[in-house]
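sequence and predicted structure below; questions after.
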Amino acid sequence: MSKTLQQILDEQVARHPVPGVAVGMVHDGEVTYAFHGVTNVENPLEVDERTLFQFGSTGKTYTATAMLILVEQGLVDLEAPVRDYLPEFTVADEEASAAVRVKHLLNHTAGWSGDYLGTPERGDRALEDFVEHMAELKQDFPVGEGMSYNNAALSVAGRVIEVVTGKTFDQAMAELVLAPLGMDDTFFFAEDVITRRFAVGHLKDEETGEFSVARPWAMPRGGGPAGGMSAPITDQITWMKFHLGDGTAADGTRILPQETLERMKVPTVETPGSTLGDAVGISWLIQDVDGTQVVGHGGTTIGQESALDLVPSRGFGIAVLTNASGGGDLHRAVVRAAITEYLGLQWPTLAATDRPAEALRQYEGVYRNISIVCTVTTTDDGLQIDSVPTQDFLDMVGAPAEAFEGPPTPIKMVGEDGDMFVVVEDGESGHRGSFQRGADGQVAAMHFGGRLTQRDPA
């Protein structure tokens, strides 16, 4: 007899504690929920199906869906230059500014520094202001010639949606996506969330294991298209059902042609060795699990983390909403345990290899991008990544460094040669990544967490 979803959650929470979590699963049309814990350690309410969590970057799939609705309406062309819609669009590289197309905004191939999160502007000009301030963003690689997770590109996509519809992004999303699907409890603003039962983020003290409330509660408004919404698990179920379905809402209203939904799940760029999976579709992150396609997305905000994964060929979907830093460990464990329990699929692992220290020292150094500085050093057991957020990033989100810091990450190389590595957690292989070499054959960058970080010159 299969374990219940609640049993799976209870087992994994014991291994990966968080203050609160909500899980929803769809399997052949049947919906199941599981819950644990409280919304807020300072003012606790039990987490239930009504509790709103910030779900972060899973919102990128909402932005991409809205864009495809506009494509179907003939208002946007994915192959068109962004400047067809935003004539003044500029990043530091003029060639990239002119070359970037709408499609590049939706699959992390635009190439500029992607973790720019905008300005403190909270009014209706937030996205316009965001795009205006991108003029100094440097280019990490030519447009379309690589992949690095790009929050800023989704905000540009949100601005395109605003210009095409003549509405603010949140208004356009409500009219194009949320209202037609009956997702009446998915919101952008604290003013809407605060009148309902909602979770706050928490930070975990790695020494004591205790949780404290994370402040501020939300990210800047300009990052909304990249992941600025809050929802209860019930609306996440609605979202999964829609993307597992034929493009219609529950009441039969046609939102998108089914073939367009399927197009979102077709790889547009291959990402071997990436934490994000094997490929990126139109916003969906794609992975082969035991010969079966799994598409999904996760999200991280200030002390809240989420996951949403679909197995389209099996009519299966699962979403996990957590309210703590480190919640990613829990949602990954719950998703993988559920997919194995109910579908019999075994999540792929890569064998870590012990290479001699002299072979590992070539990877040592400082790697950085706009949001993070990573220091790679050799240890007795392999390599270690120490990561700290940049001050510019902390200033953008208005959060303390503790909200994004964690213990050092132990990694080992995969195989006897090559530049791919895996994170080693409790003796098991976890996230993967890779070092990148320049034209001279020397290690020049690291791809980790889906992001490209450039190595400082020796």
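Received, thanks.

quick one: pLDDT of Pro225?
Pro225 carries a pLDDT value of 95.

neighbours of it, how many?
33 (other C-beta atoms under 10 Å). (C-beta placed from N, C-alpha, C; glycine too.)

did I read that right, it in a strand?
No. Using DSSP: H, G, I helix; E, B strand; the rest coil, the assignment for Pro225 is helix, not a strand.

surely it and Phe169 touch.
Yes. Using C-beta atoms under 8 Å, Pro225 is in contact with Phe169, at 5.9 Å.

who touches the worst-scoring helix or strand of the chain on mean pLDDT?
Every helix and strand of the chain was ranked by mean pLDDT, DSSP states H and E. The lowest is helix 391-397, at a mean of 74. Residues outside helix 391-397 that contact it (C-beta atoms under 8 Å, 6 or more residues apart in numbering) are 115-119, 219-220, 302, 370-372, 400-401, 403-404.

now the buried members of those.
115-119, 219-220, 302, 370-372, 403-404 (16 or more other C-beta atoms under 10 Å).

now, the residues you listed that are in helices?
Among these, no member falls in helices (criterion: DSSP state H).

so where is the stretch 1-150 of the chain shaky, pLDDT-wise?
The model of the stretch 1-150 of the chain has pLDDT under 70 over residues 1.

how about the helices in it?
Secondary structure of the stretch 1-150 of the chain (DSSP state H, counting those that start in this stretch): helices at 5-15, 59-72, 94-99, 102-105, 126-132.

so what's Trp112 bridging to?
Gln139 (DSSP bridges).

could we number from 45 for the rest of this?
Renumbered: residue one is now 45, and that last one reads Trp156.

which residues does it contact?
Counted by C-beta under 8 Å, 6+ apart, Trp156 has contacts Val135, Ala136, Asp137, Ala140, Met178, Leu181, Lys182, Gln183, Asp184, Asn194, Ala196, Ala197.

the fourth one touches Asp184, doesn't it?
No. Taking contacts as C-beta under 8 Å, Ala140 lies outside contact range of Asp184: 9.9 Å.

now do the shared contacts for those two.
Gly155, Trp156.

what is the nearest of the contacts of helix 435-441 to Gly291?
In terms of C-beta to C-beta, no member of the contacts of helix 435-441 lies closer to Gly291 than Met263, at 30.4 Å.

against Ala489, how distant is the closest one?
26 Å (C-beta to C-beta, to the nearest Å).

and the least confident helix or strand of the chain, how far out from the chain's middle?
19 Å (C-alpha atoms, centre = their mean, to the nearest Å).

next, count neighbours for Glu189.
9.

do I have it right that it meets His148?
No. Applying C-beta under 8 Å, one finds Glu189 not in contact with His148, separated by 10.4 Å.

so what sits against both of the two?
In contact with both Glu189 and His148: Gly155, using C-beta under 8 Å, 6+ apart.

could you point out which element follows the longest helix seen in the chain?
When the chain is parsed with DSSP H, its longest helix is helix 371-387. Following helix 371-387 in sequence order, the next helix or strand is strand 396-397 (DSSP states H and E).
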